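> Next come a sequence and a model predicted from it.
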Amino acid sequence: MTTPTIRIPANIFKAIASFRPEHDIRYYLKGIMLDRDKNRMVATDGHRVAVISAPNFDGAPAADKASNILGRDGKWIDGRFPDIDRVMPTQHYAQAFQFNATELGNQARGIAKAWKYV
């Protein structure tokens, strides 16, 4: 009998894992939520959120209890993940945002230099 698995490209997993906090008292944020209903993976540190459409979760191992939060060690975390749908915007503006990348970089370097004197 083979162990059920899901295949997620390493670069995608690394990208979403970077949104998990290292040290947080809210232990349930230290994992990645596998949202089987909406076929996505979600991670947050309470300030930033990453939502990535995931491959089909049909091959994913079933979670212990009612948990759907996968911890760093590969074990399921018992807890309630924040309701991401309540904080994500549902309306997007059609207007494009444009900027000069060189000028933005120059401004950022200027702020970093000035920060030393504050």
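In hand now; what should we look at? Numbering: from 1, shown residues only.

> tell me which element Ala43 falls in.
Assigned by DSSP states H and E, Ala43 belongs to strand 40-44.

> From the chain's centroid, how far away is stretch 99-117?
Offset of stretch 99-117 from its chain centre (C-alpha atoms, centre = their mean, to the nearest Å): 28 Å.

> Could I get the full set of strands for this structure?
32-35, 40-44, 49-53, 69-70, 76-77 (DSSP state E).

> any chance of those strands in JSON lines, plus mean pLDDT, distance to Ala15 and mean neighbour count?
All C-beta spots, glycine's among them, are computed from the backbone N, C-alpha and C. As requested, the strands of the chain are exported to JSON lines (pLDDT from 0 to 100; distance: least, C-beta to C-beta, whole Å; neighbours: other C-beta atoms under 10 Å):
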{"stretch": "strand 32-35", "mean pLDDT": "84", "distance to Ala15": "11", "mean neighbour count": "22"}
{"stretch": "strand 40-44", "mean pLDDT": "87", "distance to Ala15": "9", "mean neighbour count": "22"}
{"stretch": "strand 49-53", "mean pLDDT": "86", "distance to Ala15": "7", "mean neighbour count": "15"}
{"stretch": "strand 69-70", "mean pLDDT": "80", "distance to Ala15": "15", "mean neighbour count": "20"}
{"stretch": "strand 76-77", "mean pLDDT": "80", "distance to Ala15": "20", "mean neighbour count": "20"}
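
> residue boundaries of the helices in this protein?
10-17, 84-87, 101-115 (DSSP state H).

> low pLDDT regions in this protein?
1-6, 55-67, 118 (pLDDT under 70).

> one more time with 50
Applying pLDDT under 50 to the chain picks out residues 1, 65.

> Between the strands of the chain, which one is closest to Asn100.
Closest to Asn100 of those is strand 49-53 (C-beta to C-beta; 27.2 Å).

> Just checking: what are the partner strands of the closest one?
Its sheet considered, strand 49-53 pairs with strand 40-44 (antiparallel) by DSSP bridges.

> Check what contacts the strand it pairs with and list those residues.
The contact list for strand 40-44 (C-beta atoms under 8 Å, 6 or more residues apart in numbering) reads 8, 16-17, 19-20, 29, 31-35, 49-54, 81-82, 84.
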